[in-house]
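1. predicted model and sequence follow; I will ask about them next.
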Amino acid sequence: GNSVTQMEGPVTLSEEAFLTINCTYTATGYPSLFWYVQYPGEGLQLLLKATKADDKGSNKGFEATYRKETTSFHLEKGSVQVSDSAVYFCALSAYNAGNMLTFGGGTRLMVKP
Amino acid sequence: EAQVTQNPRYLITVTGKKLTVTCSQNMNHEYMSWYRQDPGLGLRQIYYSMNVEVTDKGDVPEGYKVSRKEKRNFPLILESPSPNQTSLYFCASSLASGNNEQFFGPGTRLTVL
């Protein structure tokens, strides 16, 4: 079946540090890949997505590139802010599973001033 | 405002007492689903619905029921709740196709004593 593995947290960084959160996946066929973010006390929001190999998703300074050869979709940001503190979820959606999203376990990011 | 609403937001109940968590969306989305979020496990899909009167099991359907009598509503029913169903529940909706963004509700925190 489909699965998503992402690095365990928490990840603690100082403001303006570089962020990488690793995500790898296993899926049949050609899934779409997503990063969702969950701020404290809220539901999940789509941060960015990529639908085919070598696509780069980007939003709010975050980027992730769909790497089919390494089955990865790592999330990066060049300079994090305190307001980026949240839980980040990597997810995939595969055609052979309808529209079902398969999520990773989530990575909590804490950014200190 | 386009949104997914859930009620109640917080619920404490006792084992065996039937309950319903409501979910409603105002975006005319065909696809709706329910997830539960547990620490370290990410989000796991309980049930989903591709359209009115069409529902199917997700990864963890045991102990839950759903119905989709109208396009906008997708209630989650726990006929006889047990303590292992204590969790944070999210409803989500999206357009039908696989790589569309899912919009999440704010969550319902359920405690079963």
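-> In hand now; what should we look at? Everything numeric here is computed off the predicted structure, so don't read it as measured data. Residues are numbered from 1 along each chain as shown, chains lettered A, B, ... in the order given.
2. how about the residues of chain A near chain B?
-> A:4, A:32, A:34, A:36, A:42-46, A:49, A:51, A:89, A:93-95, A:98-101, A:103-106 (Cβ under 8 Å from any Cβ of the partner chain). Where C-beta positions appear, they are placed from N, C-alpha and C, glycine not excepted.
3. so which helix or strand takes in the residue lying closest to residue B:64 once chain neighbours are set aside?
-> Counting by Cβ to Cβ, 6 or more residues apart in numbering or on different chains, residue B:46 is the residue found nearest to residue B:64 once chain neighbours are left out, at 5.2 Å. Using DSSP states H and E, residue B:46 maps to strand B:42-51.
4. ok, residues contacting that strand?
-> A:4, A:44, A:89, A:98-101, A:103-106, B:30-38, B:55-61, B:64, B:66, B:68, B:71, B:74, B:76, B:89-90, B:96 (Cβ atoms under 8 Å, 6 or more residues apart in numbering or on different chains).
5. what's the mean pLDDT across the next helix or strand after it?
-> Later in the chain than strand B:42-51, the nearest helix or strand by DSSP H and E is strand B:54-57. The average pLDDT within strand B:54-57 is 92.
6. okay, now the sheet partners of strand B:54-57, with direction.
-> Sheet pairing here is set by DSSP bridges, and for strand B:54-57 it gives strand B:42-51 (antiparallel).
7. so which of the contacts of strand B:42-51 belong to strands?
-> Among the contacts of strand B:42-51, the ones falling in strands (DSSP state E) are A:4, A:44, A:89, A:101, A:103, B:31-38, B:55-57, B:66, B:76, B:89-90.
8. that older thread, the contacts of strand B:42-51, buried ones only, as a ChimeraX selection?
-> Buried members of these, defined by 16 or more other Cβ atoms under 10 Å in any protein chain shown, are picked up in ChimeraX with:
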select /A:4,44,89,99,100,101,103,104,105,106 /B:30,31,32,33,34,35,36,37,55,58,60,61,64,66,68,74,76,89,90
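9. what pairs with the lowest-mean-pLDDT helix or strand in chain A, parallel or antiparallel?
-> Counting by mean pLDDT, DSSP states H and E, chain A has its least confident helix or strand at strand A:101-103, which shows a mean of 87. If you go by DSSP bridges, strand A:101-103 pairs up with strand A:86-93 (antiparallel).
10. the partner strand to strand B:31-38, inter-axis angle?
-> Here the directions of strand A:86-93 and strand B:31-38 differ by 130 degrees (axes from the mean of the first three to the mean of the last three Cα atoms, to 10 degrees).
11. send me strand A:86-93 as PDB with only the CA atoms.
-> Provided in PDB are the C-alpha atoms of strand A:86-93 (Å, rounded to 0.1, in the frame of the first residue of the first chain):
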ATOM      1  CA  ALA A  86       3.500  24.600  13.500                       C
ATOM      2  CA  VAL A  87       3.200  20.900  12.700                       C
ATOM      3  CA  TYR A  88       4.000  20.000   9.100                       C
ATOM      4  CA  PHE A  89       2.500  17.000   7.400                       C
ATOM      5  CA  CYS A  90       3.700  15.400   4.200                       C
ATOM      6  CA  ALA A  91       1.000  13.500   2.200                       C
ATOM      7  CA  LEU A  92       0.300  11.800  -1.000                       C
ATOM      8  CA  SER A  93      -2.800  11.200  -3.100                       C
END
